[in-house]
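Undergrad: No sequence on hand, only this structure:
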């Protein structure tokens, strides 16, 4: 064991004699811990200045963070946000709805969930849009916030093309055949009535097929889709017109001509069969058939008497 002394010439030495064994036993802290130790040493010695009220602010921040975390876990964040923003002047007071011809404003307000204290800031616009978009008549919807107290709801609605009867049910349909909603009143009574399975998808052909024959179309009470291939027209006076599967335009031209020249649809008939291109078959009503049979019988008797008198 010996002592080691280090000196610099010309100035007093700041080093002390350190036994070699003691120097070997001293441990050096890792680099990250050195900064922590230096910070606490400086803090204790007063070399680091902490502003006044730092502890109070930190405590309040900690309590606020804890409160927000608790509200989040309890599901009360939205309610607190609603109450806070409403109290400072962002409560919704006006809802402007446009483009709604068939959609009730009351339905829209109910879906928005307004209660007189709902905050415009806290309102979830995307969720409101999705709810309104599920209404039967709504095709597109835009929901927009107008600060500080207004919501704008702009709709574009689906267009009713026809009434579809399937079984005992009546539904309004688009031209594409998509069902809009059940028929509830008579405001759509002027729309064409299509009847039968798959008639809703076949209905799109009606507008084009009858565009040149408005006189016939005006008298059609119902379009009945038969066997997924062709239409039967039920006229306003009960006459049934049987159209062919193909060349409907020619069949309608024939029907229009007979009605114009001979008032065919005004006669006591039950049906007009136009399914064959080279002939038109007329079916009489039971009463007309009975009268015709009586007339034929009388005529036959008259001819027999006339032959006997010769």
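TA: Yep, that arrived. Keep in mind the model is a prediction, meaning the values are calculated, not measured.

Undergrad: Can you pull out the low-pLDDT segments for the chain?
TA: Along the chain, segments meeting pLDDT under 70 span 1-29, 31-34, 36-37, 39-90, 116-117, 288-290, 292, 294-296, 301-303, 305-310.

Undergrad: ranges for the helices of it?
TA: For the chain, the helices defined by DSSP state H cover 20-25, 31-45, 54-74, 77-85, 105-112, 125-133, 199-202, 204-209, 214-217, 248-262, 286-309.

Undergrad: Can you spell out the domain ranges of this structure, please?
TA: Recorded structural domains for the chain (assignment: automatic domain parsing) are 79-157, 162-289.

Undergrad: of all the ones you listed, which lies closest to residue 304?
TA: Among the domains of the chain, the nearest to residue 304 by C-beta to C-beta is domain 162-289 (22.7 Å). In short, each C-beta sits where N, CA and C put it, glycine included.

Undergrad: and the domains of the chain as a markdown table, adding mean neighbour count and distance to residue 38?
TA: What follows is the domains of the chain, written out as a markdown table (neighbours: other C-beta atoms under 10 Å; distance: least, C-beta to C-beta, whole Å):
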| stretch | mean neighbour count | distance to residue 38 |
| --- | --- | --- |
| domain 79-157 | 15 | 43 |
| domain 162-289 | 15 | 74 |
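
Undergrad: how much space between residue 184 and residue 96?
TA: 27 Å (C-beta to C-beta, to the nearest Å).

Undergrad: swap that for residue 126, please
TA: Separation of residue 126 from residue 96 (C-beta to C-beta): 19 Å.

Undergrad: Next: residue 286.
TA: Remark: distance between residue 286 and residue 96 (C-beta to C-beta) = 62 Å.

Undergrad: Residue 227 now?
TA: Here residue 227 is placed at a distance of 51 Å from residue 96 (C-beta to C-beta).

Undergrad: OK, contacts around the nearest residue to residue 251 once chain neighbours are set aside?
TA: Counting by C-beta to C-beta, 6 or more residues apart in numbering, residue 251 lies nearest to residue 274, which is 4.1 Å off, once chain neighbours are set aside. Neighbour list for residue 274: 241, 242, 243, 244, 251, 254, 255, 280 [criterion: C-beta atoms under 8 Å, 6 or more residues apart in numbering].

Undergrad: of those, closest to residue 134?
TA: Closest approach to residue 134 among these (C-beta to C-beta): residue 243, at 39.0 Å.

Undergrad: which residues does the closest one contact?
TA: Taking C-beta under 8 Å, 6+ apart as the test, what residue 243 contacts is 230, 231, 232, 233, 251, 252, 274, 275.

Undergrad: Then residue 237?
TA: Counted by C-beta under 8 Å, 6+ apart, residue 237 has contacts 219, 265, 266.

Undergrad: got it, and residue 183?
TA: 163, 170, 171, 172.

Undergrad: how close does it get to residue 143?
TA: Using C-beta to C-beta, residue 183 is found at 29 Å from residue 143.

Undergrad: what does residue 129 give?
TA: From residue 129 to residue 143 the distance is 5 Å (C-beta to C-beta).

Undergrad: Same question for residue 92.
TA: 12 Å.

Undergrad: can you check residue 160 too?
TA: From residue 160 to residue 143 the distance is 24 Å (C-beta to C-beta).

Undergrad: same question, residue 208
TA: Distance from residue 208 to residue 143, counting by C-beta to C-beta: 38 Å.

Undergrad: same thing with residue 112?
TA: Residue 112 sits 8 Å away from residue 143, taking C-beta to C-beta as the criterion.

Undergrad: what's the overlap in contacts for the two?
TA: In contact with both residue 112 and residue 143: 128, 151, 153, using C-beta under 8 Å, 6+ apart.

Undergrad: which one of those residues is nearest residue 139?
TA: Within these, the smallest distance to residue 139 is 13.8 Å, found for residue 153 (C-beta to C-beta).
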